[in-house]
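S.K.: I'd like to go over a predicted model; first the sequence, then the structure.
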Amino acid sequence: MNYTSVIMKKELKSYFKTPTAYIFLVPFLLISGWFFASPLFVNNEADLRSFFNIVPWIYIIFVPAITMGLMAKEKNTGTIELLTTFPIKDSEIVMGKFWAAVILIAVGLLFSLFYFFTIVILGKNIDYGSIFCGYLGLLFLGAVYSAIGIFASSLTNNQIVAFIISFFIIFFLHIVGYSLFFIPGFLVGIFQYISVGYHLSNLSRGVIDTRNVIYFLSLIVLFLKLSMVSLQSRRWR
């Protein structure tokens, strides 16, 4: 039996039975809604550019917040040891928690489609391709940050420490794209490729380039694998 879906459902129920989901969804929609509505009322311009620009910054805080307890909480309460008494693979534990975090992020993006329908109702010129790719990019970005958050959470039994670790990793990947001016020329290409913003902006143009997709998938696989290794290491202690 594959326990990934069982763990995923358990974590989703935990999100919505506690304030966690609402602490994420309500501020996410309020902040992103403000940045969507401001150009509409101030400049009479209705588009999703400001929304796509602000969401990556929102993720920097909110994704570590929703992932910090996924592993750390289990370690702190001792339930992670209970899980190991069942025939559950470490990969199933990690993937179940990963998909729960991604689904919560996807719910937030789904609610934000209200902004898209607003543009449609207003009869503005719509580039459906770029909007689709923009949402796809945000989903990929949320998945990458979720994998990082789970990895950070697997390193400690303290949720605050997990939040800080994931925050700094995510912040580095985000801000490095804005720091290229200070980087030696021969290293610019490397740091540009590391930047999540570079790949996200490429997707937002409306073109699905396999290089950008591979970048996101590689980071997801890397941090999920590191999370599994971190869990396995408890057996060696």
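M.R.: Received the coordinates, thanks.
S.K.: any idea which helix or strand carries residue 163?
M.R.: helix 159-175 (DSSP states H and E).
S.K.: Please apply the same query to residue 142.
M.R.: helix 128-154.
S.K.: same thing with residue 87?
M.R.: Secondary structure (DSSP H and E) places residue 87 outside all helices and strands.
S.K.: what's the one helix or strand residue 103 maps to packed up against?
M.R.: Assessed by DSSP H and E, residue 103 sits inside helix 90-111. When contacts are defined as 3 or more CB pairs under 8 Å, 6 or more residues apart in numbering; DSSP states H and E, helix 90-111 sits against helix 4-17, helix 20-42, helix 49-67, helix 69-77, helix 128-154, helix 210-232. Quick note: C-beta positions are derived from backbone N, CA and C, even for glycine.
S.K.: Point out the one among those that comes closest to residue 178.
M.R.: Residue 178 lies closest to helix 49-67 among those, at 11.3 Å (CB to CB).
S.K.: tell me the angle of that closest one relative to helix 159-175?
M.R.: 150 degrees (axes from the mean of the first three to the mean of the last three CA atoms, to 10 degrees).
S.K.: Identify each buried residue in helix 49-67, please.
M.R.: 50-53, 55-56, 58-67 (16 or more other CB atoms under 10 Å).
S.K.: show me the contacts for the closest residue to residue 51 other than its chain neighbours.
M.R.: In this structure, residue 51 finds its nearest non-sequential neighbour in residue 36, 4.7 Å apart by CB to CB, 6 or more residues apart in numbering. By CB atoms under 8 Å, 6 or more residues apart in numbering, the residues touching residue 36 are 48, 50, 51, 115, 118.
S.K.: In terms of distance to residue 16, which of these ranks first?
M.R.: Among those, residue 115 lies closest to residue 16 (CB to CB), at 23.2 Å.
S.K.: packing partners for the host helix or strand of the closest one?
M.R.: Using DSSP H and E, residue 115 sits within helix 113-122. Judged by 3+ CB pairs under 8 Å, 6+ apart, helix 113-122 is in contact with helix 20-42.
S.K.: Tell me the buried residues in the helix it packs on?
M.R.: 20, 21, 24, 25, 28, 29, 31, 32, 33, 35, 36, 40.
S.K.: ditto for stretch 221-237
M.R.: For stretch 221-237, using 16+ other CB under 10 Å, the buried residues are 223, 224, 226, 227, 228, 230, 231.
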